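K.L.:
Here is my input; please provide its structure:
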Amino acid sequence: MAEQDKALKELDALFQTARTDQPDLSDGLMAAILDDATRVQDTFRPTSMEGAALRQPSLWSRFFATLGGGFGVGGLITAGLAGIWIGVAPPSFLPDPVDLATASVSLDSDPFDGFDLSELMSEDLQ
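P.N.:
You can find the predicted model right below:
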């Protein structure tokens, strides 16, 4: 632990020296840096107002960006296709939607007609 504290103190001393020692740049280097920065900044400025209006994103690109870009739209498409697939070919524990659509509904039928309470109770006790 003492070695670690000593290493941290040495590191703090090195950082303090780096903060106090500010190297001076030559005038030629500073001028070259500023010229390069000015040249790069000029490429970001639109040349006219028409150019700025053309760079505005379209309605569809803003809509897709709102959904999360390509990954978000891809996820929505995948989820939709999975929902269609589960609806068309449901797993065995879900009812088949085709059977549900073609089934006739009768108000006179009892949904618990095949169940007997005594049979359910005897199954629980076993």
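K.L.:
The residue nearest to Pro97 when sequence neighbours are not counted: neighbour count?
P.N.:
Nearest residue to Pro97, sequence neighbours excluded (C-beta to C-beta, 6 or more residues apart in numbering): Gly87, at 5.9 Å. For the C-beta atoms, the positions are set from N, CA and C on the backbone; glycine is no exception. As a burial measure, Gly87 scores 10 neighbours (other C-beta atoms under 10 Å).
K.L.:
Need the contact partners of the helix or strand hosting Ala37.
P.N.:
Under the criterion of DSSP states H and E, Ala37 resides in helix 27-44. For helix 27-44, contacts defined as C-beta atoms under 8 Å, 6 or more residues apart in numbering pick out Leu25.
K.L.:
and that helix, average pLDDT?
P.N.:
Helix 27-44 carries an average pLDDT of 90.
K.L.:
Could you export that helix as CSV, CA atoms only?
P.N.:
Extracted in CSV, the C-alpha atoms of helix 27-44 (Å, rounded to 0.1, in the frame of the first residue of the first chain):
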residue,chain,number,x,y,z
ASP,A,27,5.6,31.9,-34.6
GLY,A,28,5.8,29.9,-37.8
LEU,A,29,4.1,26.8,-36.3
MET,A,30,1.4,28.9,-34.7
ALA,A,31,0.7,30.6,-38.1
ALA,A,32,0.6,27.3,-39.9
ILE,A,33,-1.9,25.9,-37.3
LEU,A,34,-4.2,28.9,-37.6
ASP,A,35,-4.1,28.9,-41.4
ASP,A,36,-5.0,25.3,-41.4
ALA,A,37,-7.9,25.9,-38.9
THR,A,38,-9.2,28.7,-41.0
ARG,A,39,-9.1,26.6,-44.2
VAL,A,40,-11.0,23.8,-42.5
GLN,A,41,-13.6,26.1,-41.0
ASP,A,42,-14.3,27.6,-44.4
THR,A,43,-15.3,24.2,-45.8
PHE,A,44,-18.1,24.0,-43.2
